[in-house]
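Novice: here you go, sequence then predicted model.
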Amino acid sequence: MPLVNRFADLLPEITEWRRDLHQNPELLFDVHRTAGVVAEKLREFGVDEVVEGIGRTGVVGIINGKNNGSGTVIGLRADMDALPIHEASGVAHASTTDGKMHACGHDGHTAMLLGAAKYLCETRNFNGKVAVIFQPAEEGGGGGNEMVQDGMMDKFNIQEVYGMHNWPGMDVGQFAIRSGPIMAAADQFDIVVTGKGGHAAAPHRGIDPTIVASQLTLALQSIVSRNVDPLENAVISVTSFNTDTVSYNVIPQTVGLKGTVRTLSKDIRDQIKQRMETLVEHTAKSMDATATCEYHYGYPVTINHEKQTEFATSIAAKVSGPQNVNITAPVMGAEDFSYMLEARPGAFIFMGNGDTALLHHPEYDFNDDAIPHGCSYWVQLVEQALPV
């Protein structure tokens, strides 16, 4: 089963949807226009049930197969939100809202799932039901968790759930997947170092928090290099270093550090949190300062389930050929589809976007040539999982 021929016919229409979404980006849960467009099109296609407002602004559509009494429901998820980035792609369909752009391809994800929904409504060549899930706030808002907490899985009796993300640098038509951890947990930390401010010409009369914070910035790296098992994966990055003064001749009273921690297992995640708190407290104390560390758990590890990963791999192979399906190494980026995979078995897969700018780059644009591959993956997954 190669690409579904129908998507060659539908490509101009789906591309038009995608570019309209690209021109009108919305952030986090404020995706009212996007969700409205999605709901309108689902009703136009003949989706049997369209429910808005799941997880605040999410949309779920239920498509019945030829025999929907089987009780089996498969969920397919796309994300809808954009990023607070000034677009520099130069394309004709660039964002019309300054400071917002679809720099991660969620416009493409939404358009491909809409295309699949249109096809599934036309053909109904499956038993059971399909839940097409359009999620807000993937980019830091935890919209996936909001939809789960809103009872989506139970409300629609979803038994398995699948997700997809485009991947720049991988050829169009290629897929990549792995069983187990595929994307990292993403946590944040805020460290505040308090010393004793004073005149920069007399540092011996104060306690310089910039020196303490600098030592901490370096010391935090020892956690990965000396406390975490070398066979495990972890990243600690300090991304912000701020003082409470802007003067050239004033030693500040406080310094704030911010950053992120990425891990692929709960044990390592907890180990790093505990070690950070200890290191921050005692490093500051050793230099007569004080420091606090607030650790904020973010998205959990995205963990693919073995059985569903094998199935998703077989579908990708049918669409593009086995030679175009790769076993990927884990990615240290994060994905809030992780919450849905904690609630139900399923699998997350990467799809090639070709030689484009990287995700979250101001020159990025989703590659419309990838649309038939993504749509074909979705519909063949449904028809194979729920055969007539």
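Specialist: That came in fine, so what should we check first? Quantities reported herein were computed from a predicted structural model and do not represent experimental measurements.
Novice: for residue 352, which residues make a bridge with it?
Specialist: Per DSSP bridges, the residues bridged to residue 352 are residue 167.
Novice: that one contacts residue 173, doesn't it?
Specialist: Yes - at 6.1 Å, residue 352 and residue 173 qualify as touching, with contact defined as C-beta atoms under 8 Å. Bear in mind the C-beta positions are built from the backbone N, C-alpha and C, glycine included.
Novice: now for those two: what residues contact both?
Specialist: By C-beta atoms under 8 Å, 6 or more residues apart in numbering, residue 352 and residue 173 have these common neighbours: 370, 373.
Novice: show me where this protein dips below the pLDDT cut-off.
Specialist: Applying pLDDT under 70 to the chain flags residues 1.
Novice: got the domain boundaries for it?
Specialist: Domain ranges of the chain: 6-183+301-385, 185-299, per automatic domain parsing.
Novice: now do the same end-to-end measure for the last one.
Specialist: Across its full length, domain 185-299 reaches 5 Å between end residues, using C-alpha to C-alpha, to the nearest Å.
Novice: mind putting the domains of the chain into CSV with mean neighbour count?
Specialist: What follows is the domains of the chain, written out as CSV (neighbours: other C-beta atoms under 10 Å):
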stretch, mean neighbour count
domain 6-183+301-385, 20
domain 185-299, 17
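Novice: longest helix of this structure?
Specialist: In the chain, with assignment by DSSP state H, the single longest helix is helix 266-286.
Novice: what's in contact with it?
Specialist: 185, 187, 189, 191, 193, 212, 215-216, 219-220, 222-224, 227-229, 232-234, 236, 261, 263, 290-293, 295, 297, 300-301.
Novice: ok now stretch 209-225, how far from the chain's centre?
Specialist: Per C-alpha atoms, centre = their mean, to the nearest Å, the displacement of stretch 209-225 from the mean C-alpha position of its chain is 29 Å.
Novice: hey, where'd the strands end up in the stretch 251-388 of the chain?
Specialist: Along the stretch 251-388 of the chain, the segments classed as strands by DSSP state E, counting those that start in this stretch run 254-263, 290-299, 302-304, 325-327, 346-352.
Novice: nearest to residue 76, of those strands?
Specialist: For residue 76, the closest of the strands of the stretch 251-388 of the chain is strand 346-352, at 9.7 Å, according to C-beta to C-beta.
Novice: which elements pack onto that closest one?
Specialist: In terms of contacts (3 or more C-beta pairs under 8 Å, 6 or more residues apart in numbering; DSSP states H and E), strand 346-352 is packed against strand 160-167, strand 175-177, strand 302-304, helix 306-320, helix 337-343, helix 371-385.
Novice: out of these, nearest to residue 247?
Specialist: Closest among the helices and strands packed on strand 346-352, using C-beta to C-beta: helix 337-343, at 44.3 Å.
Novice: what lies in contact with the closest one?
Specialist: Against helix 337-343 from outside (C-beta under 8 Å, 6+ apart): 75, 77, 133, 138, 142, 144-145, 147-148, 153, 161, 163, 183, 185, 299-305, 346-348.
Novice: pretty sure residue 158 sits against residue 73.
Specialist: Yes - counting by C-beta under 8 Å, residue 158 does reach residue 73; the two are 5.0 Å apart.
Novice: what touches both of these two?
Specialist: With C-beta under 8 Å, 6+ apart as the test, residue 158 and residue 73 both reach residue 131.
Novice: now the angle from the longest helix of the chain to strand 290-299?
Specialist: With axes from the mean of the first three to the mean of the last three C-alpha atoms, to 10 degrees applied, the angle from helix 266-286 to strand 290-299 works out at 160 degrees.
Novice: can you give the distance of helix 266-286 from its chain's centre?
Specialist: On C-alpha atoms, centre = their mean, the centre of helix 266-286 falls 27 Å from the chain's centre.
Novice: same check on stretch 280-300?
Specialist: Computed by C-alpha atoms, centre = their mean, the separation of stretch 280-300 from the middle of its chain amounts to 28 Å.
Novice: next one: stretch 375-386
Specialist: 22 Å.
Novice: numbering from 33 from now on, please.
Specialist: Done: numbering now begins at 33, and the last item shifts to stretch 407-418.
Novice: got the contact list for that stretch?
Specialist: Here stretch 407-418 makes contact (C-beta under 8 Å, 6+ apart) with 33-36, 39, 42, 46, 97, 102, 104, 106, 108, 144-145, 147-148, 151-152, 155, 157-160, 162, 192, 194, 196, 207, 343-344, 346-348, 350-351, 381, 383.
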